[in-house]
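1. compute the structure for the input listed below.
(chains A and B)
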Amino acid sequence: MTSGQTIALLLFIFFLSLGGVVIGSRLLRVIRTGRREEGRFAGPLQRLGWLLAYGVGQKRVAAKKFGFNHLIIFYGFLLLLVANAEYVAGIFVPGFDLSFLPTPLHHALLFMADVAAFATLLAVILGLLRRTFFPPYEGGRTVETYVILAMVGLHMVAALMLTATGIGLGRLTAEPLPISTLLAQTILHGAELPTLATLSTIFWWLHGASLLIFFAVLIPFTKHLHVIAGFANCFMRSPRTVPLLQREEFAVDKPLGADHVGKLTWKDLFDPFACTQCGQCQLACPATVTGKPLNPRLVVAEVKKNLLTNSHPPLVGEGRGEVSEDAIWSCTTCGACVASCPVFIEQFPKLIKFRRYLVQMEAKFPQELITLFENMEGRSNPWGLAPAERGKWATTLGDREFDPERCEILLYVGCAGSFDARSRHVTVALITLLDAAGVRWGILGKDELCCGDSLRRLGNEYLFDVMARKNVELFKQRGVRRIVTTCPHCFSTFDNDYRQYGLELEVTHHSRFLQELLSQGRLTIPGTAREAGKVVYHDPCYLGRHNGIYDEPRAIIAAATGDKPAEVKRSRQESFCCGAGGGRMWMEEQLGSRINLERVDELLRQNPDTVCVSCPYCMTMVEDGLKDRRAGETKVKDLAELLAEACRPQG
Amino acid sequence: MTEQKPKRPRGKARLLEGKCIACGARCQSVCPVAAVEMNPAGEPIIDPAKCIGCVKCVKVCPVQALEMFFTPEEQAILAQLGEGAAPEVDRDEEALASKLSAYRGVWVFIEQTDGEAARVSWELLGIGKELARGLKVPLSAMVIGSKVEHLCGEAFSYGADKAYLVDAPVFANYRTEPYLKAVSQLIAEHKPEIILMGATGMGRDLAGAVATQIGTGLTADCTGLAIDDKRNLLQTRPAFGGNIMATIVCDKFRPQMSTVRPRVMPLPERIEGASGEIIRQQVAVREEDVLVKVLEVIRDRKAGEVDIAGAEFIVSGGRGMMAPENFSLLQELADELGGVVGASRSAVDAGWMPHERQVGQTGKTVRPKIYIACGISGAIQHLVGMQDSDLVIAINRDADAPIFQVATYGIVGDLFKVIPALTARLREMKQQGHRR
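-> Numbers count the residues shown, from 1 in each chain, chains lettered A, B, ... in the order given. Take a look at the predicted model:
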């Protein structure tokens, strides 16, 4: 063993252990600081599938605009791991190489490494150009990013030059190494043997040094840790596209919400290490896009920064390194951040934990919410209207009280469907369809209670807890077996959140229920909704992204109009929020531009005659937006209204 | 057999049907033999077998819902014993009556900030005048502050006969401590029988402190005030979330104190040039002794901001106004009515009106006498902010607009024609009124 190799060996052992120790200590910090969280390892086989699909398969990355570039670097890197293993083994066992393998296999490996190194180098150059001229987001040109890209590039150059000098020195056969051969014939053409030998040594060291920096510095200390944590995050992801908010324990010594890393769970603290600042979340976030002070990427970054300090200063506040209240209240809980993250970081659920802290510990929230909270608590509806008025819309319909003997479904009308004049039209359209299909439905009338969706999203978890228990008890008492809702928020709250409270019955949103009636042939559509004209569909977040219902609404529109709806660019899982979710319906929108206008402008670009929605919040926000844009000829219709129109006797 | 002198019968207590107000089981608590049980409605059930006829419950009842009942036989014995027997004089009652009679007069606390009186104080002078007339006593204003003598004059014009004035720099900004001392001292010296305060932030704070200090009852947020034949103040207020109206009497202590929310009582007519007696009172409060210091006064409302929550007439505009400059139409109408201009959320969002004018879920809740909604479709977010108005007039082009569902009068038409017509007609009527 030469002295150079001995030094290399020692350096390698030292730096690799250093890297290992740093990563280990960070992991330990995450586990020690964070609270317990269960269920992140349940169902390991399914999780392995996720790891393969989203980690190895890069499923979400590949779907992104510039994803192919990452794909090249990623797979190039994986292939080069083999070449690097040979290199590292060569340090430990001088003279070691893979030439003992059957020549065709060895040559194939050499060929792949050669091509992969070159492709990765090209991708890195492309990445550098993009980062410089078209950064993914403003402020994306960080030193960290450039250093990482440069280091990857350097490693590739060194790898290629190392083999090229090897060819020049006659140590390697040129045959399986097209790129290196090309380099040897061009750049190294005519170089003397001693020069080649010196160059070979230099590139050997550069190759080694860049590899070391990679493993001992970049991975443990920078966002490049995502190469490990990202995989882990794919494995530990929530089974849902948009994760469910966790229940809070109301007990002595249990924190309410979080204002501090110590009150977040270990998974919350692990997430930031998987983040590579790609900015996909902020590009999808309706708050960030409309210039509000919320940026999901920075929220995650703040958590990491805070965790890595030793003092753990407050996480919620107006100072540097804190997440501001304006940011926390800007979230619409649309879930776009979570759904867009290639490595399944859960951004907005952390914001809800901050909201819980602000509401339950500090009683600090936008003042408009005082009325909302009081109304919800006292009268179980957001407007504070008399509970006795809830069933008023149905008084002319005779006795429609739910009776388990007589009714196959409980039509849960919801606050908007009961009280809001516009949404009542939707309710009436729906019952027309139900009656036409011969569905035996009943309502709870004045006994119906609000589902509490807004409260949960606003962090008033205690009141939500109370309301959820009441509702679960009420449904049980009345012998309800199946609920149909008109509002995706009620639907999602019952079908997901209430499961935490032991609700076991079947919950269906009217879009799915109507589609069911159509496919079973119970509901037949005699005509078409001719007046609707060109229809564009807006996916509500809580129907689409949160619950994966994309096809049923489109099928209903097709059934009603005879045509598939027009699609906007941001549709289905990429749908853009109307701005009213997460309790934003009950707050003023004074920061940045208006979310509903951003969405309405996008919808109007399709020149639709009708915007079809399936959520009362979206209905209000889109209608308001259209009025603001003086687009009065464009109508907003719920799915049920469209279908009811098609059912009406045609003259 | 010696003739036994019949024992004087004491009778049994009995409930007079329909008179009980369920005051809170006072009769039960005074009964020495536990003969009184309360039914679920809060009315007493008296067990005649247990009743010893001590009359305690009859005396404690605030509304004379209990009486002593004698059987015909007992009545006969009573008659036999003769009318000559002097009625038993209740010493307690006498002492109480003399204690209470030391208190005379109706006072209204004049709440002021920087020398400007709160409107509710004038409203209270109106109802105070009625009470004082019924009791045949003078109505007095209690004015506390710094450089506030002019308020006494205003109080006279709103019906006060006298004004007690405490004027010193220490009272410049409201602080509980010095105000409490001033009011307590005034009460101790002049002994009013009734004190009324506005149920405002200041009034609620002060009234509670005063009642505790001088040891009397206080009824908050009264909606009705009247006098019974014993000079007691009948204080009516909603109870149990407004489901019932409770009438509360403070018959053992004086003064009787009530707070009344702003705009519950009508504003009395102002009589210019009315005068009265100003009684200046020195209250020994030194600045050094006050623990609370006012460092800075930060105003919630910017100067020039309009308070729509308190307005009697509101003309509101929505998206149908089309442009900010059209709000001048509404302002003209509001000026004629002596009201203010409000707005819906969309008009505020569009930047046509400032946020403090917003009516609705996330704005202000208003209950004016007349609310005129112009070009407002009436989304539920808006309706919840104005549906308690006494009278709603809606002007909208769309006959199906939900605003018409809550409107007393609806005008379907072009507001740019309707509103100027309304304004012009109002002007015309006013001029005719003047000529007459």
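2. how far away is the residue nearest to the spatial centre of chain B from B:Ala226?
-> Centroid check for chain B by CA atoms, centre = their mean gives B:Val260 as the closest residue, at 2.2 Å. Distance, B:Val260 to B:Ala226, by CB to CB, to the nearest Å: 13 Å. Every residue, glycine included, has its C-beta placed from N, CA and C.
3. picking up where we left off before, what's the burial count for the residue nearest to the residue nearest to the centre of chain B when sequence neighbours are not counted?
-> Closest residue to B:Val260 apart from its sequence neighbours, by CB to CB, 6 or more residues apart in numbering or on different chains: B:Cys222 at 5.1 Å. B:Cys222 has 23 neighbours, counted by other CB atoms under 10 Å in any protein chain shown.
4. the closest residue to A:Asp495 other than its chain neighbours and chain B, how far apart?
-> Among residues not flanking A:Asp495 along the chain, A:Val507 sits closest, at 4.0 Å (CB to CB, 6+ apart). Distance from A:Val507 to chain B, counting by CB to the nearest CB, to the nearest Å: 25 Å.
5. tell me the SS of A:Val507?
-> Here A:Val507 is strand, with the state taken from DSSP: H, G, I helix; E, B strand; the rest coil.
6. ok so, going back, the residue nearest to B:Val260: what's it in contact with?
-> By CB atoms under 8 Å, 6 or more residues apart in numbering or on different chains, B:Cys222 lies in contact with B:235-237, B:258-260, B:264.
7. Serialize those residues to TSV and add fields for secondary structure.
-> Formatted as TSV, the contacts of B:Cys222 follow (three-state DSSP):
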residue	secondary structure
B:Gln235	strand
B:Thr236	strand
B:Arg237	strand
B:Ser258	strand
B:Thr259	strand
B:Val260	strand
B:Val264	coil
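8. okay, now A:Gln590: neighbour count?
-> Here the number of neighbours of A:Gln590 (other CB under 10 Å) works out to 12.
9. what does the stretch 501-650 of chain A put close to chain B?
-> Within the stretch 501-650 of chain A, the positions near chain B by CB under 8 Å from any CB of the partner chain are A:586-589, A:594, A:620, A:624, A:627-628.
10. pick the one among the residues you listed closest to B:Val120.
-> When these are compared for distance to B:Val120 (CB to CB), A:Glu588 wins out at 29.4 Å.
11. secondary structure class for the closest one?
-> Assigned by three-state DSSP, the conformation of A:Glu588 is coil.
12. count the residues that sit near it.
-> By other CB under 10 Å, neighbour count at A:Glu588 equals 16.
13. quick check, it in contact with B:Thr362.
-> Yes. Between A:Glu588 and B:Thr362 a contact is recorded at 5.4 Å, counting by CB atoms under 8 Å.
14. overlap in contacts, these two.
-> Joint contacts of A:Glu588 and B:Thr362 (CB under 8 Å, 6+ apart) are A:Glu368.
15. sketch out the low-pLDDT regions of the chain for me.
-> No chain specified, so I'll use chain A. Low-confidence segments of chain A (pLDDT under 70): A:1-2, A:650-651.
16. think we crossed wires, I meant chain B
-> Where chain B drops to pLDDT under 70, the residues are B:1-6, B:82-90, B:240-243, B:300-305, B:434-436.
17. got the residues of it near chain A?
-> Near chain A, the residues belonging to chain B are B:319, B:346, B:349-350, B:355, B:361-362, B:365, B:378-381, B:383-384, B:402, B:405 when assessed by CB under 8 Å from any CB.
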